[in-house]
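[1] need a 3D model of the sequence below.
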Amino acid sequence: MTNWTVTAADAARSPLNREYNAEMISRYWGRPAGEAEIDAYERDEQDHDVPVFLVASRDGSDVGCLGMRFLDNGVGELTRMFVREPFRGRGVASALITAMEAEATARGLTALRLDTRADLVEARSLYAKRGFVEIAPYNAAEYADHWFEKRLTSSRPAAMS
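    The predicted structure is shown next:
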């Protein structure tokens, strides 16, 4: 397994964000997304509320990203999981999830949730392998077909009696 460096970044300034959008549009429609189509999505439809955005890199090249927003009751929502194609299957996504789980725990969150589409088979498999379980819909996301949750355990030591 390759060691990846995971750091915080600005979602709005990361080229990975646009690559993620292009892939999601292309996979949904089953054809390459045009630049104007991506521009329109980013302007009119994309949710820009991603206060935590992590980027995985190696040797100065960014290869993947994962965002998180905050829901109610100590729950974080994962969004924008993306790994550039040449780096898939090399542990990048797992490194991002591990780092985000640590970030969420440090912020006092007790669970992570996410929604995804039926056509994103690889993503659903990844989340299941990482301990996420399918749950009932928690939002009304227009393109979501599956909803997942993972309860987080605190890294704090148990109290001694």
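
[2] I'd say Leu54 and Thr5 touch.
    No: taking Cβ atoms under 8 Å as the definition, Leu54 is not a contact partner of Thr5, at 10.4 Å. C-betas here are computed from N, CA, C, even on glycine.

[3] point out where the chain drops to low pLDDT.
    1-2, 46, 154-161 (pLDDT under 70).

[4] and stretch 133-141, which residues are buried?
    Tyr138 (16 or more other Cβ atoms under 10 Å).

[5] that stretch: end-to-end distance?
    In stretch 133-141, first residue to last residue: 18 Å (Cα to Cα, to the nearest Å).

[6] quick one: contacts for Val50?
    11, 67-69, 79-80 (Cβ atoms under 8 Å, 6 or more residues apart in numbering).

[7] which one of Leu54 and Thr5 has more residues nearby?
    Leu54 (21 against 14; other Cβ atoms under 10 Å).

[8] re the thing from before, any residues in contact with both of Leu54 and Thr5?
    In contact with both Leu54 and Thr5: no residue, using Cβ under 8 Å, 6+ apart.

[9] ok, and the most crowded of the contacts of Val50?
    Gly67 (25 neighbours).

[10] which elements pack onto whatever helix or strand that residue lives in?
    Assigning secondary structure by DSSP states H and E places Gly67 in strand 61-70. Contacts defined by 3 or more Cβ pairs under 8 Å, 6 or more residues apart in numbering; DSSP states H and E place strand 61-70 against helix 15-29, strand 52-58, strand 75-83, helix 92-106.

[11] picking that back up, now flag whichever of the contacts of Val50 is closest to Tyr127.
    Set against Tyr127, the nearest of the contacts of Val50 by Cβ to Cβ is Thr79 (12.6 Å).

[12] in this protein, which residue is closest to the centre?
    Centroid-nearest residue in the chain, with Cα atoms, centre = their mean: Met81, separated by 3.2 Å.

[13] contact partners for that one?
    Counting by Cβ under 8 Å, 6+ apart, the residues that Met81 touches are 64-66, 93, 96-97, 114, 123, 126.

[14] can we see that at 6 Å?
    Met81 makes contact with Leu66, according to Cβ atoms under 6 Å, 6 or more residues apart in numbering.

[15] please report how far it lies from Asp145.
    16 Å (Cβ to Cβ, to the nearest Å).

[16] same deal with Gly76?
    21 Å.

[17] who has more neighbours, these two?
    Gly76 (26 against 13).

[18] one step back: among the helices and strands packed on strand 61-70, which is nearest Ile38?
    helix 15-29 (5.3 Å).
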